[in-house]
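**Student:** Could you work out the structure for the sequence below:
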Amino acid sequence: MQAVILAGGKGTRMGALTRDIPKPLIKVGGKSLLEHKIDILPSEIDEIIIVVGHLGNKIREYFGNSYKGRKITFINQGKPLGTAHALFEARASIKGKFLSMMGDDIYGPESIRSVMKYPFAISTIESPGFAGIGKVKISEDGYLEDILFSNKDASCLIRIENGLYSLMPDLFNFPLIQIPGKDEYGLPQTVLAQIKNGTIKLKTTEADYWVKINSPEDLLVAENILREKHDE
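**Tutor:** Take a look at the predicted model:
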């Protein structure tokens, strides 16, 4: 099974930290954000596809063609046109059911195992909402019905999607969906369009933990959470 990591963003909100290196190579607790993801992938994942963009050569140099026995394939996104565009750039390399995850977030191992149980699934978590991250609406039998997007951070806990999916290549048979008001194509928007068309059903799962790395301050939050998990 393959895991696709979307690692092409510029990370402009990280300031000087991403001046010379791409955001996914920022280190937390002695390891890069990418290494934190790859190290917790289950043994079923035998190939990592990393979609790169800004300073992507640095990621290629860091990992080479393999990492701890897993093959690594690199795809160059080219123009940064959003998460769905990045994923679709990798479609020729995808062979079957696969994981898709963000390159600059930290996920828990149970989050990954949970989505892997289904052909189509999305990981969700109760968290303060972030601008641009969607609040999920879930059916009684646990399937995604809708994602409600906001341009503002939420002040209370809501259930949101965290960018971790299990998907099938069937997704590539459908068109990319543009994010309203942006020259980008969003993966949540693209998946949601097919849910509303009735062409796919997306199971929702619950994450054990997730850290959204939006700012330098988030790195300290991530270090504290990882230390707590290590001590458990």
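**Student:** Quick check: the closest residue to Thr12 other than its chain neighbours vs Lys196, distance?
**Tutor:** Closest residue in space to Thr12, ignoring its immediate chain neighbours: Thr18 at 7.2 Å, by Cβ to Cβ, 6 or more residues apart in numbering. Heads up, the C-betas are built off the backbone N, CA and C, glycines and all. From Thr18 over to Lys196 the distance is 36 Å, taken as Cβ to Cβ, to the nearest Å.
**Student:** about what we covered before: just read off the phi/psi values of the residue nearest to Thr12.
**Tutor:** phi -110, psi 20 (degrees, to the nearest 10).
**Student:** And the strands in this structure, which stretches?
**Tutor:** Along the chain, the stretches classed as strands by DSSP state E are 2-7, 27-28, 31-32, 47-52, 66-67, 70-76, 98-102, 105-107, 121-128, 135-138, 144-148, 157-167, 203-206, 210-212.
**Student:** and the fifth one, which strands flank it?
**Tutor:** Using DSSP bridges, the strands paired with strand 66-67 in its sheet are strand 70-76 (antiparallel).
**Student:** buried stuff in the strand it pairs with?
**Tutor:** Neighbour-count burial for strand 70-76, with 16 or more other Cβ atoms under 10 Å as criterion, is recorded at 70, 72, 74-75.
**Student:** wait, Ser66 sits on Ile72?
**Tutor:** Yes. Ser66 is within contact range of Ile72, at 5.7 Å (criterion: Cβ atoms under 8 Å).
**Student:** Show me where the protein dips below the pLDDT cut-off.
**Tutor:** The model of the chain has pLDDT under 70 over residues 230-232.
**Student:** Tell me where the longest helix sits in it.
**Tutor:** The single longest helix within the chain, with elements called by DSSP state H, is helix 216-231.
**Student:** List the neighbours of that one that are in contact with it.
**Tutor:** 14-15, 17, 26, 28-29, 36, 106, 108, 209, 211-213 (Cβ atoms under 8 Å, 6 or more residues apart in numbering).
**Student:** hmm, try it at 7 Å
**Tutor:** Under the criterion Cβ atoms under 7 Å, 6 or more residues apart in numbering, residues 14-15, 17, 26, 28-29, 106, 209, 211-213 lie in contact with helix 216-231.
**Student:** distance between it and the chain's centre?
**Tutor:** Its chain's C-alpha centre and that of helix 216-231 lie 19 Å apart, by Cα atoms, centre = their mean, to the nearest Å.
**Student:** got it, and stretch 133-148?
**Tutor:** Here the centre of mass of C-alpha atoms in stretch 133-148, compared against the chain's by Cα atoms, centre = their mean, lies 17 Å away.
**Student:** circling back: nearest to Ile40, out of the strands of the chain?
**Tutor:** Ranking the strands of the chain by proximity to Ile40 (Cβ to Cβ) places strand 105-107 first, at 7.3 Å.
**Student:** in its sheet, what does that closest one sit against?
**Tutor:** The pairing partners recorded for strand 105-107 under DSSP bridges are strand 210-212 (antiparallel).
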